[in-house]
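*Asks:* no sequence on this one, just coordinates:
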């Protein structure tokens, strides 16, 4: 069966420090991968998505970047965190292809507090 | 772009039925979904409906789709305290990237 891992679960970082959040998927190949941010009491904002190794699409201009060095690994990074980067970050995957149901499977999330 | 709207809060008594409503704008959506998020956790798929269906029932869950009005609803029968969570409506584009657009979520509170 497929599983998705996200870590760390909680992170407290000072303003101006770097960030690296990692997400890995097991039990599937060639998944679509997604990074979302959820501000407190709000919906999901799609930050990045990837349809393959090294292929990253950004949905919103921001202080963050994403990379996909391996098929089932998706990394969210920042060189210098801002206060506004605080939030709940969710990684998700889906089966690639127009014939799939595009169901998204989510990790447990990382709670990031920038102080 | 695509937009998904849903009311933010719903409160019901245990044992009552809950109905959560959603409207969407993308008429080309192939699938529409309901996801559930418990506190501090990721989202989990509850159910989905194919765009050529009007209704789907899965145990206590009933999904109704009105394509003409672009309206989707989720009915939970015999609502339990364990159903308290945030419920997200979502639609997806039928492309290789399979991006989904999510509503802001409806917080369901079930009172004993």
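*Replies:* Thanks, I have it. Because the structure is a prediction, the values reported are computed rather than measured.
*Asks:* show me where the chain has strands.
*Replies:* Going with chain A. Along chain A, counting by DSSP state E, strands occupy A:3-7, A:10-13, A:19-26, A:32-38, A:44-52, A:55-58, A:65-70, A:73-78, A:87-94, A:105-106, A:110-114.
*Asks:* think we crossed wires, I meant chain B
*Replies:* Using DSSP E, strands in chain B cover B:4-6, B:9-13, B:18-24, B:31-37, B:43-50, B:55-58, B:61-66, B:71-76, B:85-92, B:100-102, B:106-111.
*Asks:* take those and write them to CSV, including mean pLDDT and mean neighbour count.
*Replies:* Placement of C-beta: from N, CA and C, glycine included. Putting those into CSV (pLDDT from 0 to 100; neighbours: other C-beta atoms under 10 Å in any protein chain shown) gives the following:
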stretch, mean pLDDT, mean neighbour count
strand B:4-6, 94, 19
strand B:9-13, 97, 13
strand B:18-24, 97, 19
strand B:31-37, 95, 23
strand B:43-50, 94, 17
strand B:55-58, 94, 12
strand B:61-66, 96, 17
strand B:71-76, 97, 20
strand B:85-92, 95, 24
strand B:100-102, 91, 23
strand B:106-111, 96, 17
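*Asks:* mind putting those into TSV with distance to chain A?
*Replies:* Below are these laid out as TSV (distance: least, C-beta to the nearest C-beta, whole Å):
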stretch	distance to chain A
strand B:4-6	8
strand B:9-13	10
strand B:18-24	12
strand B:31-37	6
strand B:43-50	5
strand B:55-58	13
strand B:61-66	14
strand B:71-76	15
strand B:85-92	4
strand B:100-102	4
strand B:106-111	8
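*Asks:* any chance of CSV for those strands, columns distance to residue A:24?
*Replies:* Converted to CSV, these look like this (distance: least, C-beta to C-beta, whole Å):
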stretch, distance to residue A:24
strand B:4-6, 29
strand B:9-13, 35
strand B:18-24, 32
strand B:31-37, 21
strand B:43-50, 18
strand B:55-58, 30
strand B:61-66, 31
strand B:71-76, 31
strand B:85-92, 23
strand B:100-102, 21
strand B:106-111, 31
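*Asks:* so which of those strands gets nearest residue A:57?
*Replies:* Distance to residue A:57, taken as C-beta to C-beta, is lowest for strand B:100-102 among those, at 14.0 Å.
*Asks:* neighbouring strands - and their directions - for the closest one?
*Replies:* strand B:85-92 (antiparallel) (DSSP bridges).
*Asks:* now do the strand it pairs with: distance to the chain's middle.
*Replies:* Averaged C-alpha coordinates place strand B:85-92 at 5 Å from its chain's average position (C-alpha atoms, centre = their mean, to the nearest Å).
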